[in-house]
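*Asks:* coordinates for the following, if possible.
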Amino acid sequence: MQKIEKLIKDRKARIGIVGMGYVGLPLAVEFAKGGFPVTGFEVDSQKVRDLKAGVSYIGDVPTEEVAALNRKGLLTGTLDFSLLKKMDAVIICVPTPLRKSKDPDVSYIIASVKEARKYLKRGQLIVLESTTYPGTTKELVKPMLESGGLKAGKDFYLAFSPERVDPGNPKYGVKNTPKVVGGLTAACTRLAGLLYGAVIDRVLEVTNTETAELVKLLENTFRAVNIGMMNEMALMCHRLGLDVWEVINAAASKPFGFMPFYPGPGIGGHCIPLDPHYLGWKMKTLNFEPRFIELAGSINSSMPGHVVARLGELLNAKGKALSKSKVLMVGMAYKPDIADPRESPAHDVLILLEKTGAKADYYDPYVSETDLEGETRRSRKDALKKIKEYDCVMIVTPHSCIDYADIVKRARLVFDTRNATKGLKGKNLFRL
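*Replies:* Numbers count the residues shown, from 1 in each chain. All right, here's what the predicted structure looks like:
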């Protein structure tokens, strides 16, 4: 352990990051900026070509930074996983999607650990960052790595550290977001803490890998449950004839005991729609029914249907059937001002609109195209100029670069599901 400790302290430890996506690339850049030589391991040849050319493919990471680090020899990419044997620390940042049954899909973790096992060496540190259920590191990763004969905590070191990436957040990035680490043993925890502490402002060490795994699930389940409550509040306010946004904003004036969350057409992104199901699945294996998680999931997943039904009501009141209407959806990203449509509720809204018979287009200045049930759909670039062609404009994702006042002024009917038109008035404007 003394050897790798010295390498970390001298910033000479060679770091390999498996999976160079939304989590891996920002982390790799931060380590490289700290002076560590970093190699990104990928199965996507285009990402490797970009890394070798010094080009960023993630919006939050400037190409200028990647290019500068590449020129210094501190950051590169490779398809050759045999180079893992040269790494002193290996950090796994691969996706963990859900199966259609809502069960965890850890196949990317398994594939990555198999590669790490082939080239595992004494004194190496392995850290899993992929979001997963409590027990994955100890019950799945550890036996796989130990099958080659080396023992975790003795011959090599194993830890879990949940990723905390928030795409598009201008205030918090890798460096100034506190990092949680939990190791298989105290020595594993200390070594992982030392590594991350070299480039991240604050590192919090927890008791074990299971605790660290659950921290991530708690963070996002907390958000999913509270968003579910606000979505249900929106449904209740609709029945009561009240403005849910006014209710929430007034409640948020209380300086204690309340934290505002906001309703919408559903939930999206790489964490909130998925992570609670990981925890729910794990608890069901222990004969524990996670009722809050399931209820929130049911409410949140019902919102695309609700906004489409509500749009139908609004059009009917104008003497127009939804099935014979032309609708423009504004926004496809899962949240404002980013180019990320992963798990976006806009996908479900668009599918449901078309199932009613409506003709639907979408416009998003950040998402030029997206996959919709195996079909590529493209943003209509001139949509806002031809807004009078549409019977209704539905605002699904608010972006700061869009002039919503102009939309309200020119559109026949505007249905705002995200309060993007706050402060605007018009007989043609309706909010969730």
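*Asks:* now do the contacts for the nearest residue to residue 208 once chain neighbours are set aside.
*Replies:* Excluding the flanking residues, the one nearest residue 208 by C-beta to C-beta, 6 or more residues apart in numbering is residue 182, at 5.2 Å. Backbone N, C-alpha and C define where each C-beta goes, glycine included. Residue 182 makes contact with 159-161, 189, 205-213, according to C-beta atoms under 8 Å, 6 or more residues apart in numbering.
*Asks:* out of these, grab the one that's most surrounded.
*Replies:* residue 160 (34 neighbours; other C-beta atoms under 10 Å).
*Asks:* next, give phi and psi for that residue.
*Replies:* phi -120, psi 140 (degrees, to the nearest 10).
*Asks:* same question, residue 327
*Replies:* Backbone phi and psi, for residue 327 under degrees, to the nearest 10, turn out to be phi -120, psi 140.
*Asks:* SS state for the closest residue to it other than its chain neighbours?
*Replies:* Counting by C-beta to C-beta, 6+ apart, residue 327 lies nearest to residue 360, which is 4.7 Å off, once chain neighbours are set aside. With DSSP: H, G, I helix; E, B strand; the rest coil as the basis, residue 360 sits in strand.
*Asks:* likewise residue 229?
*Replies:* Under three-state DSSP, residue 229 comes out as helix.
*Asks:* OK, contacts around it?
*Replies:* 261, 296.
*Asks:* that older thread, the residue nearest to residue 327 against residue 347, yeah?
*Replies:* No. Counting by C-beta atoms under 8 Å, residue 360 does not reach residue 347; the two are 11.7 Å apart.
*Asks:* who has more neighbours, those two?
*Replies:* Between residue 360 and residue 347, counting by other C-beta under 10 Å, residue 347 is the more crowded of the two (23 against 20).
*Asks:* if we can go back for a sec, in its sheet, what does the one helix or strand the residue nearest to residue 208 maps to sit against?
*Replies:* Secondary structure from DSSP states H and E places residue 182 in strand 179-183. Using DSSP bridges, strand 179-183 pairs in its sheet with strand 157-160 (antiparallel), strand 203-205 (parallel).
*Asks:* which intervals of the chain have sub-threshold pLDDT?
*Replies:* 1 (pLDDT under 70).
*Asks:* show me how it divides into domains.
*Replies:* Following automatic domain parsing, the chain resolves into domains at 2-207, 222-431.
*Asks:* any idea how far the shortest one is from the chain center?
*Replies:* The reference is to domain 2-207. Counting by C-alpha atoms, centre = their mean, to the nearest Å, domain 2-207 is centred 17 Å from the centre of its parent chain.
*Asks:* so who does residue 400 touch?
*Replies:* 336-337.
*Asks:* am I right that it is in a strand?
*Replies:* No. Assignment of residue 400 by three-state DSSP gives coil, placing it outside any strand.
*Asks:* quickly note the distance from it to residue 331.
*Replies:* 12 Å (C-beta to C-beta, to the nearest Å).
*Asks:* hang on, residue 110 packs against residue 140?
*Replies:* Yes. Under the criterion of C-beta under 8 Å, residue 110 is in contact with residue 140, at a separation of 7.4 Å.
*Asks:* the more surrounded of these two?
*Replies:* Neighbours were counted for residue 110 and for residue 140 using other C-beta under 10 Å; residue 140 has more, 17 against 13.
*Asks:* the stretch 301-432 of the chain: helices as residue ranges?
*Replies:* Here the stretch 301-432 of the chain has its helices, by DSSP state H, counting those that start in this stretch, at 345-355, 404-410.
*Asks:* circling back to that earlier point, quick one: the residue nearest to residue 327 from residue 328, how far?
*Replies:* For residue 360, the distance to residue 328 - C-beta to C-beta - is 8 Å.
*Asks:* which one of the strands paired with strand 179-183 lies nearest to residue 177?
*Replies:* Smallest distance to residue 177 across the strands paired with strand 179-183 (C-beta to C-beta): 10.8 Å, for strand 203-205.
*Asks:* closest one to residue 307 among the strands paired with strand 179-183?
*Replies:* Of the strands paired with strand 179-183, nearest to residue 307 by C-beta to C-beta is strand 157-160, at 37.5 Å.
*Asks:* what sits up against that closest one?
*Replies:* Contacts of strand 157-160 (C-beta under 8 Å, 6+ apart): 1, 4, 123-129, 136-137, 141-142, 145, 152, 181-185, 187-189, 191-192, 209, 212-213.
*Asks:* swap in stretch 184-194?
*Replies:* 1, 4-5, 8-9, 125, 127, 137-138, 142, 152-153, 157-159, 161, 181-183, 203, 205-206, 208-209.
*Asks:* hmm, which of those are the buried ones?
*Replies:* 4, 8, 125, 127, 137-138, 142, 152, 157-159, 161, 181-183, 203, 205-206, 208-209 (16 or more other C-beta atoms under 10 Å).
*Asks:* residues touching residue 118, list them.
*Replies:* If you count contacts by C-beta under 8 Å, 6+ apart, then residue 118 has 81-82, 84 around it.
*Asks:* how near is it to residue 89?
*Replies:* 17 Å.
*Asks:* how many residues are close by residue 172?
*Replies:* Residue 172: 12 neighbours (other C-beta under 10 Å).
*Asks:* now it: closest residue in space that isn't a chain neighbour?
*Replies:* Residue 172 sits nearest to residue 166 (C-beta to C-beta, 6+ apart), 6.2 Å away.
*Asks:* go on, residue 324?
*Replies:* Using C-beta to C-beta, 6+ apart, the nearest residue to residue 324 is residue 357, at 7.1 Å.
*Asks:* surely the one you found and residue 322 touch.
*Replies:* Yes. Using C-beta under 8 Å, residue 357 makes contact with residue 322 at a distance of 7.5 Å.
*Asks:* these two: who's more crowded?
*Replies:* Here residue 357 and residue 322 are compared on neighbour count by other C-beta under 10 Å; more neighbours surround residue 322, at 20 against 11.
*Asks:* make TSV out of the strands paired with strand 179-183 and add distance to residue 408.
*Replies:* As requested, these are exported to TSV (distance: least, C-beta to C-beta, whole Å):
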stretch	distance to residue 408
strand 157-160	48
strand 203-205	46
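*Asks:* so who does the one residue sitting closest to the centre of the chain touch?
*Replies:* Most central in the chain under C-alpha atoms, centre = their mean is residue 270, positioned 2.7 Å from the mean C-alpha point. By C-beta under 8 Å, 6+ apart, the residues touching residue 270 are 22, 95, 340, 342-343.
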